[in-house]
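**Q** coords below, sequence missing:
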């Protein structure tokens, strides 16, 4: 049965043609019974054809119907079964959502059909009042046909609007999901860069130092190896925390996470960098207090990346300093070194050329919390990174 319904929906003109043939057959019987003459046959034929083509050209069929109605009045062809096509056309024009003039013309034509019919073929023996009442009653089906069609048009427009809105919302959700995925990928890339660049740099420096003093100073080599071991464990722990959200299994490790680094761990970070051979002067100004988690992580990562850059680009015997300044409305960071500084292309345009990934990550982190960051050569030699992290993100 469903296939039959689908077939009917897929062939609307064929369905309308069937009803048009049926209507024409009934009208021919009326012509024969009422002895209307040959002139009535073309009228009922064209009225039936208008039913067959009503959905292909509703406005044209409306004009044809109006012309046939006037011809019926002029040629004295009495109301007949083919006139049912008028109500069908009125409904179709109102329902198809075409030009509003066509819908209004159909309504006016339908309301005038019954009164004009009474004027042309008055009912006998009921008086003027009866004729008026009869015309009103006969005009009700035409009005109902128009009201039904207009209601269908309004309903279709409403559902089309809902469908369009649903489609738009779906596209917006897809766009938001893509943005969220891109942001998460960028966040993971920043975290991986910070973890790998810092910890591997420390491990490389310690390994080189251990190889250099292995024979001359075994104790120092042993201490360097211990530093490499602890640094590697820390890197693994941070990567486990970072990538833990990507696990989908039910293993025991799925819930093993390490807290995000914060400002309180910067001092431990500085101690590890000192143990790795970089002289760092660390100071805190102002009154320390709890900060938003995003600001805490951003501050830690900036100091971590800045000290990593000092160790990588500062050259031998480089020294660095770290300042944390607590303001009433934010946290200030200043990391400087007295080395030879990074290559110019690594910080030009904020590392936008793709080589200065660390500086790009810094700027992205600072931008996410609504802060500002400046990076560049330090007067007198070396490199300087300064940042201001507000307590509340910028609007």
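**A** Everything's here; your move. On a predicted model such as this, the values are computed, not experimentally measured, just so you know.
**Q** Dihedrals phi and psi, the residue positioned nearest the centre of the chain?
**A** Nearest to the mean C-alpha position of the chain, counting by Cα atoms, centre = their mean, stands residue 172 at 1.4 Å. The phi/psi pair for residue 172 (degrees, to the nearest 10) reads phi -70, psi -40.
**Q** What separation is there between it and residue 179?
**A** 10 Å (Cβ to Cβ, to the nearest Å). Placement of C-beta: from N, CA and C, glycine included.
**Q** do the same with residue 340
**A** 40 Å.
**Q** who's more crowded, these two?
**A** Each of residue 340 and residue 179 has its neighbours counted (other Cβ atoms under 10 Å); residue 340 has more, 14 against 10.
**Q** list the helices and strands the helix or strand residue 68 falls within packs on?
**A** In this structure, residue 68 sits in helix 58-74 according to DSSP states H and E. Secondary-structure packing of helix 58-74 (3 or more Cβ pairs under 8 Å, 6 or more residues apart in numbering; DSSP states H and E): helix 40-52, helix 84-95, helix 100-120.
**Q** now the ones you listed in CSV, with distance to residue 74?
**A** Listed next are the helices and strands packed on helix 58-74 as CSV, based on distance: least, Cβ to Cβ, whole Å:
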stretch, distance to residue 74
helix 40-52, 11
helix 84-95, 16
helix 100-120, 9
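**Q** low pLDDT regions in this structure?
**A** Counting by pLDDT under 70, the ranges of the chain that qualify are 184, 188, 194-195, 197-198, 238, 241-259, 341-357, 393-395.
**Q** Roughly how far does the residue located most distally from the centre of it sit from residue 134?
**A** For the chain, the largest distance from the centre (Cα atoms, centre = their mean) belongs to residue 125, which lies 71.0 Å off. For residue 125, the distance to residue 134 (Cβ to Cβ) stands at 12 Å.
**Q** I'd assumed residue 44 was in contact with residue 28.
**A** Yes. At 7.0 Å, residue 28 and residue 44 qualify as touching, with contact defined as Cβ atoms under 8 Å.
**Q** of these two, who's got more company?
**A** Shown here are residue 28 and residue 44; by other Cβ under 10 Å, residue 44 has more neighbours (26 against 17).
**Q** and that one, what is it in contact with?
**A** Counting by Cβ atoms under 8 Å, 6 or more residues apart in numbering, residue 44 touches 24, 27, 28, 30, 31, 80, 81, 82.
**Q** possible to save these as TSV with secondary structure?
**A** Formatted as TSV, the contacts of residue 44 follow (DSSP: H, G, I helix; E, B strand; the rest coil):
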residue	secondary structure
24	helix
27	helix
28	helix
30	helix
31	helix
80	coil
81	helix
82	helix
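**Q** Look up how far residue 175 lies from residue 161.
**A** Distance, residue 161 to residue 175, by Cβ to Cβ: 21 Å.
**Q** Just name the most buried of the helices and strands packed on helix 58-74.
**A** Ranked by mean neighbour count under mean count of other Cβ atoms under 10 Å, the helices and strands packed on helix 58-74 are led by helix 84-95, which reaches a mean of 24.
**Q** what's the angle between it and helix 100-120?
**A** Inter-element angle recorded for helix 84-95 and helix 100-120: 160 degrees (by axes from the mean of the first three to the mean of the last three Cα atoms, to 10 degrees).
**Q** and the angle for helix 84-95 with helix 40-52?
**A** Using the same axes, to 10 degrees: helix 84-95 against helix 40-52 is 30 degrees.
**Q** which strands and helices sit next to helix 84-95?
**A** The contact analysis (3+ Cβ pairs under 8 Å, 6+ apart) places helix 84-95 against helix 40-52, helix 58-74, helix 100-120, helix 127-213.
**Q** Could I get the full set of helices for the stretch 251-395 of the chain?
**A** Shown for the stretch 251-395 of the chain, the helices assigned by DSSP state H, counting those that start in this stretch span residues 266-275, 293-313, 344-347, 357-368.
**Q** Of all those, which one comes closest to residue 381?
**A** With Cβ to Cβ as the measure, helix 293-313 is the member of these nearest residue 381 (12.4 Å).
**Q** Next, the buried residues of that closest one.
**A** 294-313 (16 or more other Cβ atoms under 10 Å).
**Q** same deal with stretch 61-75?
**A** Neighbour-count burial for stretch 61-75, with 16+ other Cβ under 10 Å as criterion, is recorded at 61, 62, 64, 65, 66, 68, 69, 72.
**Q** which ones are touching the fifth one?
**A** Meaning residue 66. Contacts for residue 66 were tallied using Cβ under 8 Å, 6+ apart; they are 105, 109.
**Q** measure it to residue 87 for me?
**A** According to Cβ to Cβ, residue 66 and residue 87 sit 14 Å apart.
**Q** go on, the second one?
**A** Using Cβ to Cβ, one gets 12 Å for the distance from residue 62 to residue 87.
**Q** Kindly report the same for the third one.
**A** In this structure, residue 64 and residue 87 are separated by 15 Å, where distance is defined by Cβ to Cβ.
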